[in-house]
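> sharing a sequence plus its predicted fold:
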Amino acid sequence: MKVGIAVFPGSNCDTDALHAVRLAGADGELLWHEEADLHGVDVVILPGGFAYGDYLRAGVIARFSPIMRAVAAHAARGGLVLGICNGFQVLAEAGLLPGALLRNASLRFVHRWVTIRVERDDSPFTAGIPAGTLLRMPVAHGEGCYFAEEVTLDALERDGRVLFRYLDNPNGSLRDIAGVRSTTGNVAGLMPHPERAAEPLLGTDDGLRLLRSLVGSAGASLAAAWVR
Amino acid sequence: MAAVSGEPLHRRLGLTDAELGEIRGRLGRDPNDLELAIFSVMWSEHCSYKSSKPLLATLPTRGRDLVAGPGENAGVVSIGDGLAVAFKLESHNHPSAVEPYQGAATGVGGILRDIFTMGARPIAVLDALRFGDPRGPRVRHLVDGVVRGVGGYGNCVGVPTVGGELVFHPSYAANPLVNVMAIGLLEERHLTRAVAPGPGNLVVLYGSTTGRDGIGGASVLASAEFADDDPSKRPSVQVGDPFAEKLLVEATLELIERGLVEGLQDLGAGGIGCATSEMPDRAGTGIVVDLDAVPRREEGMAPFEVMISESQERMCAVVRPDRLAEVLEVCRRWGLPAAVIGRVTARRDLAVVEGGLDPDGRPRPGARELARIPVAAIASEAIVYRREARSPARVRSAPAPGAPVEPSDRLPERGTDPGAVLMALLGSPNLCSRAWVSGQYDSTVMTNTVEACERGAAVLRVKGTAKGLVAATDANATVSALDPHLGAILSVAEAIRNVAVTGARPLGVTDCLNFGNPEKPEAFWRFAEAVRGVGDACRAFGLPVTGGNVSFYNESPEGPIAPTPQIGVVGLLEDVGRRVGPAFAADDDLVVLVGEAVPGLAGSVYAELAGVAPEDGPPAIDLEREAALHAFLQEAAAARLPSAAQDVSGGGLAVALAEMAIWGERGARLDLRVGTAPAVELFGEGPSRAVVTCHPDAWERLAALADRFRLPLEPLGATGGDRLVIELHGEGSTGAAEDRGAGIADPVDVSIEALRHAWSSALPRLFGEVDETGRDGAGTVVA
Amino acid sequence: MADFRFAVAVMPKAGILDPQGRAVEQSLPHLEITGVRRVRVGRRVELTVEAPDEAAARAVVERLAHELLSNPLIESYAVELVGATSSIRVEASGAGRAEGRP
Amino acid sequence: MADFRFAVAVMPKAGILDPQGRAVEQSLPHLEITGVRRVRVGRRVELTVEAPDEAAARAVVERLAHELLSNPLIESYAVELVGATSSIRVEASGAGRAEGRP
Ligand SMILES: Nc1ncnc2c1ncn2[C@@H]1O[C@H](COP(=O)(O)OP(=O)(O)O)[C@@H](O)[C@H]1O
Ligand SMILES: [Mg+2]
């Protein structure tokens, strides 16, 4: 079981994610943005940060880097992909996840510990965490306001693709959405940072539960089964 | 650069006639225009420390763990196991007054570069900010821009901003202070110095391209009184590019880890001219600069513009020729332009050549030498002034310990409930919650943050070890305004106390000295007194000053700022698991006051609210007592005696207790013996005190330990309930105050919820960002 | 009184570093786009002003652009009239881009 | 081959919340400015394209605008030619708006 973490120029949570993935019991490896080869990893994490400075629009430039072609192919094969914060923005810009992440309603960068509710436990990202579970972890972003058109939002709800919701919406996200998954179910993104909530010393290990279920799902070779 | 006005060039560049004479003396001839431009920047106050150098030399710089002290880009102290921390405080006041966002952003960028230039990975930023009265829209605009700028840069680079200060005082209205401290972690074997050894080695400039931005920016701005408000006359502003900085961090650390560089210097004030003179000066070499090789982002730049541009996010490396290819490859991979812009030579001068160098570093045929200056003349042997210091006519100094002439126990109004005073203090701009600011900073990136902001010192774990680092910044400007020597001592004491209260052992001190115009004897006297104070305090605590920064000319037409000796301290916890936090941790813990109040309310927040008796002074400090307190706190923590600890500072004991209650979400019932005067006991800011809580079982050992350090210890009561209740007993409570019907004997009795509301809603309200849902701008629930 | 719709273009001044523009340039190879240079990224603000005449409306916009929308130290701005009263109706009913651009 | 300079205006679509525009509106009373409504804040990107003719240049810009500069879900864009080869020089020497990137 190996987790690859994409490193774009400007990624700044790549080594944090690597550290947390190892705490979750998996092998981790950093994947360089210029390479269109995933080195045979089972799971790809697109970490937080400011890829290419997040200039223009968060995530938009990263979408064109060589590694994203490989990530798209991996996703198309049913491989698991998780975008955290900036990674979520990249996945949304790349069209691998629905919606867009707009400037926070406050027009300010927000760092805060939030509580999110796990909405679904039938996903490889939340397997083993009962729906309704509350998890605490930090958000840290300037563009995290989840937006999609009403019809898309309705479809997301109907299909059970809203994975996480804020109890205390920090950014104006529509319907308090903190994380969603793709139609195929194997690609997910969330704005909060599970990798920063992976050790009691730092406040809590709630986030580690998410990473563990991701690692567990991939490790059990169940990935394909999650793909609808 | 031709003279357009009648003024001779050197004066327009800010050099005096006497300085021109000195330059001639050092060169043995007239300088040409390019040389003069380089001198003007390098001999600016900002780059040369010409007014402060002799005094800074009096600061103690030796310490048992010191790896690198002043003179380097940042001080470095060993923390054992082959690891070391680099840290430094630096100001970016003047640029921030002009353009708050970019000024603050580039301030963060500059201090981060000082850290990674040493081979250390930056792991934390603390921002110490000072502004005028926040009720003014102009000040709020500055606060908003500076906070966005600090966050905009630090958040993007991915270094957590974990602490700092936000202080309002009218003297900063036109001249805000933006002091930023950065901390880095390195393997000692990777320590890198800003030297240019080995004639024949190559000088590589990498990072952003060089433009006209910031020509003379920081150095000129920070070296002249800032009064001219005409935008067209202001020097151009630098724009920070945190993305480029992030790439620069990664590329630089990779170069260092792979052993590819012989020396490294960041480009800040003075630009290429500064780096290519300071680095060889430290190594006893020289450098010849191939001007055409400098990658530029603008056409038609004059040689002087290229040499002194302060374009951000650039680094200068000295590289062995056989390692050049590897160095360039690292830069390419990180997307950074890089070029060989010169060579190290054996002649101790800086030569600037146009027309190119041949592969051996000799000017090509037809090349022109534009400048040649002995490097010492622009670096180590730059001009130094022994400025005149004269104390102001009336200096207010601390009263001797003991009762002041008139009891300074006035509460704002007769019969006022001390609980209401406590609420007013907690809701005052200088004591209320800073969540509105800290919530705009990423404080948890890098996953090391154990405690950030808000609660005294920041605590970071050191991955791969059991260790923790603790950091705090402090400056007592209000007392410094009354007595700069005492103010500086109190600043150092408080910063160290903040670190010691967690149980950490302080490692060293960095200082950023913000003062007025050093050419004015009274301003210089304040500076001299402050330096003496920092030195006295550091010697008393046995700590070295590892580096710092001086910012002069903090004046506006309304006058100088309050003298502000900003102090940064880093401490070490051998076991981060044994840190002591400041929040009440459990019910029925004993609440103990260590140390005792000393009279003197002047300079306190209470005095701002209530005024003080005319003859009252600031509180005195007993340095031995203070040092004993620090040692006591460390030993107590090592023995796991305290369940919580918090130092007594702004707002006094009552505010310290209120914060512990707010953070611990539980109250306490306490009895306070009033020895001097109630206001002094409750709200006085006398030093050398801490509140410690412990399990009742630990009390005897705690008392024995205090006894060993000859520290008075007073059990006040126990934690629990949802109110903070402080009953006042003893002579002071029934003496003069009660005779005058001041109602002092009333207890403090306030609900924790009310305290929390007063504390947390004040700043968002000031900034008009409490919305209908009762959330402030940073999203913290306020109601 | 009539309604005037303006667009204010705020751009980084010459010589001022434009990190956004540079980031766009650097990403062009990924899009396999060549021959694009000198990218500068600024802001565009559109707004409607109610005023007796165009000159009065423009004066308001100029002040706004100077004091609020741009920072004269690092940015310059240009004001452009994009529509007058009659266009407002169109704008309100139009979709997306149509807004304010008759 | 000739140089063409374009400006791309990228604006939030109608119906998309524009907190920046709202923030501008809310600060107007402080400036004592009245009669300003419907403020929308977007981006303006200026760039130079080298191409055989304007149509070819415009095609490049359209692609860039569509794929990189705007997100069609939330933004719409408009492309405008602001100068051809000969104008580049004028632009470079002009105040403010010009940019000096070689
Ligand atoms: N107040 C001070 N106390 C101690 N050292 C100082 C102080 N001010 C400056 N220094 C030291 O002088 C040297 C030059 O400082 P500075 O020019 O600010 O460095 P840099 O250009 O690298 O930012 C540094 O080593 C700095 O630590
Ligand atoms: Mg330096």
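Nice, I can see it. Ligands and ions are numbered 1, 2, ... in the order given.
> from C:Ala57, how far off is the residue nearest to B:Asp266 when sequence neighbours are not counted?
Leaving aside its chain neighbours, B:Asp266 sits nearest to B:Arg113 (3.6 Å; criterion: Cβ to Cβ, 6 or more residues apart in numbering or on different chains). Bear in mind the C-beta positions are built from the backbone N, C-alpha and C, glycine included. Computed with Cβ to Cβ, to the nearest Å, the distance linking B:Arg113 and C:Ala57 is 47 Å.
> for the stretch 1-150 of chain B, what spans make up the helices?
B:9-12, B:17-27, B:33-42, B:45-48, B:53-56, B:93-98, B:100-116, B:137-157 (DSSP state H, counting those that start in this stretch).
> relative to A:Leu190, which of the ones you listed is closest?
helix B:137-157 (18.5 Å; Cβ to Cβ).
> what's the nearest residue to the residue in the stretch 51-200 of chain B that chain C sits nearest to if we skip its chain neighbours?
Per Cβ to the nearest Cβ, B:Glu99 is where the stretch 51-200 of chain B lies closest to chain C, at 5.4 Å. Closest residue to B:Glu99 apart from its sequence neighbours, by Cβ to Cβ, 6+ apart: B:Val237 at 4.6 Å.
> ditto for B:Leu431
B:Gly651 (4.9 Å).
> ok, the one you found touching B:Phe683?
Yes - B:Gly651 is within contact range of B:Phe683, at 6.3 Å (criterion: Cβ atoms under 8 Å).
> who touches both of these two?
Shared contacts of B:Gly651 and B:Phe683 (Cβ atoms under 8 Å, 6 or more residues apart in numbering or on different chains): B:Leu425, B:Ser604, B:Val605, B:Tyr606.
> picking that back up, count of neighbours near the residue nearest to B:Glu99?
Residues contacting B:Val237 under the criterion other Cβ atoms under 10 Å in any protein chain shown number 22.
> one more: C:Gly42?
C:Gly42 has 23 nearby residues by other Cβ under 10 Å.
> next one: A:Asp154
Neighbours of A:Asp154 (other Cβ under 10 Å): 12.
> what's in contact with whichever strand or helix holds it?
Secondary structure from DSSP states H and E places A:Asp154 in helix A:150-158. Helix A:150-158 is contacted from outside by A:Pro98, A:Gly99, A:Ala148, A:Arg161, A:Val162, A:Leu174, A:Arg175, A:Ile177, A:Val180, using Cβ under 8 Å, 6+ apart.
> list the buried residues of the helix or strand where C:Leu81 lies.
Per DSSP H and E, C:Leu81 falls inside strand C:75-84. Buried residues in strand C:75-84, counted by 16 or more other Cβ atoms under 10 Å in any protein chain shown: C:Glu75, C:Ser76, C:Tyr77, C:Val79, C:Val82, C:Gly83.
> ligand 1: which of those is nearest?
C:Glu75 (28.3 Å; Cβ to the nearest ligand atom).
> mind pulling up the pLDDT for the closest residue to the closest one other than its chain neighbours?
Of all residues beyond its chain neighbours, the one nearest C:Glu75 is C:Val10 (5.2 Å), with distances taken as Cβ to Cβ, 6+ apart. Listed pLDDT for C:Val10 reads 95.
> how much space separates C:Val10 from D:Leu64?
21 Å.
> where do the helices sit along chain A?
In chain A, the helices defined using DSSP state H lie at A:14-23, A:66-76, A:86-93, A:150-158, A:206-219, A:223-226.
> lowest-confidence member of the buried residues of strand C:75-84, which is it?
In terms of pLDDT, C:Gly83 ranks lowest among those, with 83.
> which positions in chain C make contact with chain A?
C:Pro19, C:Gln20, C:Ala23, C:Val24, C:Gln26, C:Ser27, C:His30, C:Leu31, C:Val41 (Cβ under 8 Å from any Cβ of the partner chain).
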